[in-house]
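[1] turn this into a structure:
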Amino acid sequence: MAYRCFFCGKEIKDESIKKKVRCIYCGSKILFKDRSVTTKVKAR
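    Next comes the predicted model:
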């Protein structure tokens, strides 16, 4: 699982944030997970 920093936008691997939840690039504490893209299908 990968997280993304809210401020700098860099991707952070799950292994990098074991004890402290911080961006390893800018030090921000706000991280989020990317959402998967959903596809809507219409029934006929």
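
[2] which residues touch the spatially most central residue of the chain?
    Of all residues in the chain, the one closest to the mean position by Cα atoms, centre = their mean is Y3, 2.3 Å from it. By Cβ atoms under 8 Å, 6 or more residues apart in numbering, Y3 lies in contact with 11-12, 14, 17, 31-33. Quick note: C-beta positions are derived from backbone N, CA and C, even for glycine.

[3] report pLDDT for it.
    At Y3, the predicted lDDT confidence score is 87.

[4] which of the three states applies to I24?
    Assigned by DSSP: H, G, I helix; E, B strand; the rest coil, the conformation of I24 is coil.

[5] could you work out the end-to-end span of stretch 9-22 for me?
    Length of stretch 9-22, first residue to last, Cα to Cα, to the nearest Å: 13 Å.

[6] strands of this structure, start to end?
    2-5, 11-13, 31-33 (DSSP state E).

[7] next, the buried residues of the second one.
    By neighbour count with 16 or more other Cβ atoms under 10 Å, strand 11-13 contains the buried residues I12.

[8] hmm, back to that, need the max-distance pair from the contacts of Y3.
    Distance extremes for those: the farthest pair is D14 and F32 at 13.2 Å, using Cβ to Cβ.

[9] contacts only, for V21.
    Counting by Cβ under 8 Å, 6+ apart, the residues that V21 touches are 29, 31.

[10] and the gap between it and T38?
    Counting by Cβ to Cβ, to the nearest Å, the gap from V21 to T38 is 27 Å.

[11] same question for L31.
    To T38, L31 is 22 Å away according to Cβ to Cβ.

[12] got it, and K13?
    Using Cβ to Cβ, K13 is found at 24 Å from T38.

[13] and what of C23?
    27 Å.

[14] so A2 sits against E15, correct?
    No: with contact defined as Cβ atoms under 8 Å, A2 and E15 do not form a contacting pair (10.0 Å).

[15] neighbours of C23, just the number please.
    Applying other Cβ atoms under 10 Å, we find 21 residues neighbouring C23.

[16] in space, what's closest to it - neighbours in sequence excluded?
    The shortest distance from C23 to any non-neighbouring residue, by Cβ to Cβ, 6 or more residues apart in numbering, is to C5 (4.1 Å).
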